[in-house]
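>>> I'd like to go over a predicted model; first the sequence, then the structure.
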2 protein chains.
Amino acid sequence: MDFSSFLTSLGTSFVLFLVLMFLFTWLSRRPGNHVVYYPNRILKGLEPYEGVRVTRNPFAWIREAVSSTEAEVIRFSGVDTAVYFVYLTTVVGILVLSGVILLPVLLPIAYTAPTVMKANETTSEGTFNELDKLSMGHVGEKSPRLWVFLAATYWVSFVTYYLLWKAYKHVSNLRAEALMSPEVKNEQFAVLVRDIPSLPQGQTRKEQVDSYFRAIYPDTYYRSMVVTDNKEVNKIYEELEGYRKNLARAEAIYAESKGTASPEGTRPTAKTGFLGLVGKKVDAIEYYDEKIRELIPKLESEQKATLKDKQQSAAVIFFNNRVTAAAASQSLHDTMVDNWTVIDAPEARQLLWTNLSKNFYERLIRQYLIYFIVFLTIFFYMIPIGLISALTTLANLKKLLPFLKPLLDQAIVRTVLGAYLPQLALIIFLALLPSFLLFLSKAEGIPSLSHAQRAASGKYFYFSVLNVFIGVTVAHSLFDTLKEIEKKPNSAVPLLAESLPGSATFFLTFVALKFFVGYGLELSRIVPLIIFHLKKKYLCKTEAEVKEAWSPGDLGYGTRFPNDMLILTIVLCYSVIAPIIILFGLLYFGLGWLVLRNQVLKVYVPSYESYGRMWPHMYNRIMASMVLYQLTMVGYLAAKKFFYTALLIPLPILSFLFVYFCTTKYYRFFQSTALDVACRELKETPNLEGVFRSFIPPSLSSEKGDEDQFEDALSQVSRSGSVV
Amino acid sequence: MDFSSFLTSLGTSFVLFLVLMFLFTWLSRRPGNHVVYYPNRILKGLEPYEGVRVTRNPFAWIREAVSSTEAEVIRFSGVDTAVYFVYLTTVVGILVLSGVILLPVLLPIAYTAPTVMKANETTSEGTFNELDKLSMGHVGEKSPRLWVFLAATYWVSFVTYYLLWKAYKHVSNLRAEALMSPEVKNEQFAVLVRDIPSLPQGQTRKEQVDSYFRAIYPDTYYRSMVVTDNKEVNKIYEELEGYRKNLARAEAIYAESKGTASPEGTRPTAKTGFLGLVGKKVDAIEYYDEKIRELIPKLESEQKATLKDKQQSAAVIFFNNRVTAAAASQSLHDTMVDNWTVIDAPEARQLLWTNLSKNFYERLIRQYLIYFIVFLTIFFYMIPIGLISALTTLANLKKLLPFLKPLLDQAIVRTVLGAYLPQLALIIFLALLPSFLLFLSKAEGIPSLSHAQRAASGKYFYFSVLNVFIGVTVAHSLFDTLKEIEKKPNSAVPLLAESLPGSATFFLTFVALKFFVGYGLELSRIVPLIIFHLKKKYLCKTEAEVKEAWSPGDLGYGTRFPNDMLILTIVLCYSVIAPIIILFGLLYFGLGWLVLRNQVLKVYVPSYESYGRMWPHMYNRIMASMVLYQLTMVGYLAAKKFFYTALLIPLPILSFLFVYFCTTKYYRFFQSTALDVACRELKETPNLEGVFRSFIPPSLSSEKGDEDQFEDALSQVSRSGSVV
């Protein structure tokens, strides 16, 4: 891509962004669309524009986003989202402070460098253009001007250290404030117990758990809930819920048909066979009604059987105060760590029930096994995909699926498939990758969804940085120099450095073109809007179905963050080599901040709250990028034969010390709740029964509010002592 | 040393051991010596021979040692000592099980090997003898017989894994039993708090601590004791105690003088100047009496001043039950780990008070600084010692200290000094090394003596293994092959392996000659006996002084264990190469077990109890030796050009997995008390006031039992709640 076509693309995507923004302004004002543009506010029972002057100004949303406070973000979207904004703000801060010095200083120095460039050292692979002259590649070998670039490397590093330090402190405070809030948070009164040893003779699981914890916490133990194998009961429950939905739908159709032409209406029919598509035609309302009546006693008896016979070696334990729960989650209970493992309970809604009963060694083995699978995925995913691509050529398709032949023979189908088939496997793989990684992370035996998403996000980060960044950078020079690496394995850093300038332009365009369209689509929500209207018109019959159609989902920072990190890694690594990239990085993160601020306040609804536990991972990955950047600069300056390159060696060491120091000081609070935080006064005496009930999975909760059936797996109420 | 002189030495030292043993039998039967041979029993208020038939049989002590149970060891010498015996028993077990297979199998195979040895491959540096034929060096390169040695390497490893696994479990149970004992152990009700943040305006330190902990533990907090800077008050207290001793002594002398010749007696005199050596002569009793009267009010006012004005940022916190204390010591209290650091309290007697107030970062920096100093000491201690040795020649001594010239000119002095002067610096250094390492460990800021001794013991282990074992082994071939190593740094393992056979004889004699004399002296206690009788006759005047003269001290496993580990490392590493060494190792550890069993039951008095916290260190070091042994075997078999050497590679990996697994499973309980253990019933309601008082350092405890003076640094009694 040469410079003018780059400018054209940039301009086009900017115009596209403006169009999408105006579209957003226009569409979001229409009341029928409010559920798409303001679902978060609506679900919280607020008016879409509460306290906001209605204008036709297309930039109004920017003003609103900028003027919103962190407290508002926490109120509307939780601490986790606020932490994501701390990340964005910190990155913007790093880029602004770096850019303020680097752009006015480095660009003139590079531009005015007297050296004539060698063709293979340009940043645009041979096509000389203005961009090249603005990069470090324009400065000759051993030039004293390189001193300035060396100093710039230090500047960026120190700016990053300073802002990260402040951010870690800030996030730690956010977490502390949230945890010490006077609101009763159910999970703060509970802990998870896993690896309960096998049952002693003549005791039920419930008795075993109760007697164990009552001995240790005579005054503060409330009751326990033994985890059961809910597979069967969940199946019945889902079936029942399905019939209920169908019944509601059938009734709505019936009511609708009554209103208009025939006052009697037409009773809807249903088929009894597979998926309602085949089988006998029956009256739908009666059929579903009967099915529900059949299933309710079945569910109840299955609930009883589950609670009685399917108890597993895990339990949720409830205490009557927060301090005891916090201390218990940090304490060793049995002399062996593989017995009675106690950890803090996540929110009930994000518990991964099926993982709770996995034992200590199973978890350990699964973890390492999955690390190994991820390692294979990261490094060798191209092999199966290459094979599949090779097999799924048009010719092969015709041979394997002969009935498709008439279709494949059409010219237009052939053209499209011919263009996309080769990469089809890759495209599908990349689209499914986040889900695959989340699936793997869950399979590790992690007990909560937020933790699994953090783990998946980490895996995705390694995948994208290793493959996209290092892969692209090294790829074009790898095969030529593979033999060289074999000879001296230490040459990986200089190799990376030498191939850097060649990739600068690629990444510049990658960053520049990525954000306008992406954030434009994000802001305008065109796709969800269309889907919602289609669903509402053709599919939804009941209120519940409409609500489900516009339900917005969460921010999904599990996949959003690794993508941001990829951009940040690229921008950091090129910040000194081609400082102009800082501008595009700033645009990406600044625009992201604005658009997402709008979205979290109005659209997305968080699906869990982990009180900022993502932050240490964000911190570690920013620092990993930092070290990669510093090593890159060492290698690149060395490749420029700059004699004082060794002066950069202290930087990575400093980075490791900084990580060690921050982690020592701050990290433990992100692992467990400090008692000083847990001991703050509550606004009201907690309703412990309510806390307990909130952890009962819906498939097990009784419809009649009858408590007797829980006595098997759920321990009885102990005396409720004093409450902190 | 050739074979016959080795046998002579061995015989001589065995005879010496027999002589010392008979001496022990004879001496220990004399009532006047009982305080030297049975101090532990006497201090416990038992008769020396309680329940034991008095015989003149010189082997009676062996029967007693063998028939003693672990419970007795714990009763007389504590869990720490019992753990040391678990170590000895485990090592004996490893050597027996290894020897049973290795000796009958490997020795014939080596002896009958047909290969003619090359001169430089013998184990006795050129002198052919029977010993050489019994070693692996006698087997030729690439011989299929090496298969058996490879299998033997596996056998020794698996025996070690199995016994260590059992031992870790056993020690864990010992620790659990001791900690769940129904006896009230004061330290189980206390935790240490360090890094208390700076004082808020208008609060005293005591109020700050009390309000902080009372908020977190409203029902279980008892009271606190703020740590004070006791330097001044200790000085006065020691002065006072010194005068008290002197007074008692003077009175004893006076009473003695009265009894015999003159009924009036002669009042002893003292000199008032430096060390009682110069100055005015005065009546001793009056003088000391007056001094004591002067010092008591001074001490009291200093006590008050200390408690009021010298409070530091650390405190001991007392709870009214063991569970809360155990949970508190494991919980994060402040959001930052460098504030309100809470750890479990060691026994009061082993608290290193001056270290308590050192803050988090000071401790961190001190730790790394001291690691660096230890690193320098281990690797470069020969340089200053070499310099000192070079300077302190006889000629130099005469020049520097001319007044010694007449002495140095005598022939006998010259001969002795001539022989020992060159190594004098080394001898002094090695004698002072354990104290120096303990001093360094204390300077790290470690809060308890047992922890400091563990740390010092680790340093000593590294010193001895690196210097003695690797040093001696490599030394004689190092300088020749230094250039080779420079060329390929990976050649360290083969180098070690090639130089192994050359050192085998050296270590065989080293192990064989070390134990007989050492354990003979240990058993007979000749040196303490002579010192005691000399002191009793010429120095001791009062009962207290006599008691001090025979006070036995503790087992001192801080230095004993690293020496054992050095022997074990040598024996393990040569176990397959020269299996005969197993016999000597067995003798060393077997005899050690017998002699020390006698000593701990009758002689040594433990100076602290850490409930077996030394064990994980023992375990780790045995495994470190194991890995060294396995790597040695890889290197040595490779040097033998044995093609299947690679089959040994899984062994070190297996060792690391084993360490990882054991550490994961067992280690945490050695760091902190499991709550299940802490929650066991106590025999009696603990006297919390007594628990609290036991932590008051003697220099601060009031003589009058007056409690008012503590109100400044020591918080008042809170309501005493329920007791677990």
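Arrived safely.
>>> what stretches of chain A score poorly on pLDDT?
A:1-3, A:49-56, A:115-131, A:259-263, A:273-277, A:392-393, A:418-423, A:471-505, A:513-514, A:702-724 (pLDDT under 70).
>>> Up against chain B, what does it have?
A:172-173, A:175-176, A:212, A:215-219, A:323, A:326-328, A:330-338, A:340, A:364, A:664-666, A:668-669, A:672-679, A:722, A:724 (CB under 8 Å from any CB of the partner chain). All C-beta atoms are positioned from the backbone trio N, CA, C, and that covers glycine.
>>> So which of those residues belong to helices?
A:172-173, A:175-176, A:212, A:215-216, A:323, A:326-328, A:330, A:364, A:668-669, A:675-678 (DSSP state H).
>>> Check which residues of stretch A:363-383 are buried.
A:363-364, A:366-367, A:370, A:374, A:377, A:381 (16 or more other CB atoms under 10 Å in any protein chain shown).
>>> Same question for stretch A:244-261.
A:245-254.
>>> can you put these in TSV and add secondary structure?
Formatted as TSV, those follow (DSSP: H, G, I helix; E, B strand; the rest coil):
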residue	secondary structure
A:K245	helix
A:N246	helix
A:L247	helix
A:A248	helix
A:R249	helix
A:A250	helix
A:E251	helix
A:A252	helix
A:I253	helix
A:Y254	helix
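>>> Going by distance to B:L27, which of those residues wins?
A:K245 (95.1 Å; CB to CB).
>>> Surely the closest one is in contact with A:E548?
No - assessed by CB atoms under 8 Å, A:K245 is found out of contact with A:E548, at 9.5 Å.
>>> sorry, back to before: select only the buried ones of the residues of chain A next to chain B in ChimeraX?
Here is the ChimeraX command that picks out the buried ones among the residues of chain A next to chain B, judged by 16+ other CB under 10 Å:
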select /A:172,175,176,212,215,216,217,218,219,323,326,327,328,330,331,332,333,334,335,336,337,338,340,364,665,666,668,669,672,673,674,675,676,677,678,679,724
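>>> tell me what the lengthiest helix in chain A is packed against?
The helix spanning the most residues in chain A, taking DSSP H as the definition, is helix A:70-111. The contact analysis (3 or more CB pairs under 8 Å, 6 or more residues apart in numbering or on different chains; DSSP states H and E) places helix A:70-111 against helix A:39-43, helix A:146-179, helix A:557-574, helix A:581-602, helix A:615-639.
>>> Deepest in the core, which of the ones you listed is it.
helix A:557-574 (a mean of 23; mean count of other CB atoms under 10 Å in any protein chain shown).
>>> Run the angle between that helix and helix A:70-111 for me.
Per axes from the mean of the first three to the mean of the last three CA atoms, to 10 degrees, the angle that helix A:557-574 makes with helix A:70-111 is 30 degrees.
>>> Can I get helix A:557-574 in CSV, CA atoms only?
Output of helix A:557-574 as CSV, limited to C-alpha atoms (Å, rounded to 0.1, in the frame of the first residue of the first chain):
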residue,chain,number,x,y,z
TYR,A,557,-13.9,-7.2,27.7
GLY,A,558,-12.5,-10.8,27.6
THR,A,559,-12.0,-10.4,23.9
ARG,A,560,-12.0,-6.6,23.7
PHE,A,561,-9.0,-6.3,25.9
PRO,A,562,-6.6,-8.6,24.0
ASN,A,563,-7.4,-6.8,20.8
ASP,A,564,-6.6,-3.5,22.5
MET,A,565,-3.4,-5.0,23.9
LEU,A,566,-2.4,-6.0,20.4
ILE,A,567,-2.8,-2.4,19.2
LEU,A,568,-1.0,-1.1,22.3
THR,A,569,1.9,-3.6,21.7
ILE,A,570,2.3,-2.5,18.1
VAL,A,571,2.1,1.2,19.0
LEU,A,572,4.6,0.9,21.9
CYS,A,573,7.0,-1.1,19.8
TYR,A,574,7.0,1.4,17.0
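>>> Pull out the buried positions in the one helix or strand A:H533 maps to.
Per DSSP states H and E: A:H533 is located in helix A:526-538. Buried positions in helix A:526-538, judged by neighbour count with 16+ other CB under 10 Å: A:526, A:528-529, A:532.
>>> Residue of the stretch 351-500 of chain A closest to chain B, please.
A:L364 (7.7 Å; CB to the nearest CB).
>>> Contact partners for that residue?
By CB atoms under 8 Å, 6 or more residues apart in numbering or on different chains, A:L364 lies in contact with B:T664.
>>> do the same with A:V691
A:184, A:186, A:189-190, A:318.
>>> Narrow the residues you listed to those in strands?
A:190, A:318 (DSSP state E).
>>> can the contacts of A:V691 go into JSON lines with extra columns for distance to B:K310 and neighbour count?
Below are the contacts of A:V691 laid out as JSON lines (distance: CB to CB, whole Å; neighbours: other CB atoms under 10 Å in any protein chain shown):
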{"residue": "A:V184", "distance to B:K310": "44", "neighbour count": "18"}
{"residue": "A:N186", "distance to B:K310": "47", "neighbour count": "20"}
{"residue": "A:F189", "distance to B:K310": "42", "neighbour count": "25"}
{"residue": "A:A190", "distance to B:K310": "45", "neighbour count": "26"}
{"residue": "A:F318", "distance to B:K310": "46", "neighbour count": "26"}
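>>> Please tabulate the contacts of A:V691 in a markdown table and include distance to B:I62 as additional columns.
Compiled in a markdown table, the contacts of A:V691 are given as follows (distance: CB to CB, whole Å):
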| residue | distance to B:I62 |
| --- | --- |
| A:V184 | 68 |
| A:N186 | 66 |
| A:F189 | 61 |
| A:A190 | 59 |
| A:F318 | 59 |
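>>> Would you point out which residue is most central in chain A?
A:G558 (1.2 Å; CA atoms, centre = their mean).
>>> Could I get the contacting residues of it?
A:434, A:438, A:453-454, A:456-457, A:460.
>>> Go through these and flag which are in helices.
Applying DSSP H to these, the entries found in helices are A:434, A:438, A:453-454, A:456-457, A:460.
>>> ok, those vs B:Y574, which is closest?
Closest to B:Y574, out of all of those and judged by CB to CB, is A:R454, at 50.2 Å.
>>> What's the local residue count around that closest one?
21 (other CB atoms under 10 Å in any protein chain shown).
>>> Then the one 4 residues further on?
A:G458: 19 surrounding residues under other CB under 10 Å.
>>> One more: A:M225?
24.
>>> Spell out the secondary structure type for it.
From three-state DSSP, the assignment for A:M225 is strand.
>>> so who does the closest residue to it other than its chain neighbours touch?
Distances taken as CB to CB, 6 or more residues apart in numbering or on different chains place A:V316 nearest to A:M225, at 4.5 Å, with adjacent residues excluded. A:V316 makes contacts with A:190-193, A:224-225, A:227, A:345, A:695, as judged by CB under 8 Å, 6+ apart.
>>> Could you give the backbone dihedrals for A:V36?
A:V36 has phi and psi values of phi -90, psi -30 when expressed as degrees, to the nearest 10.
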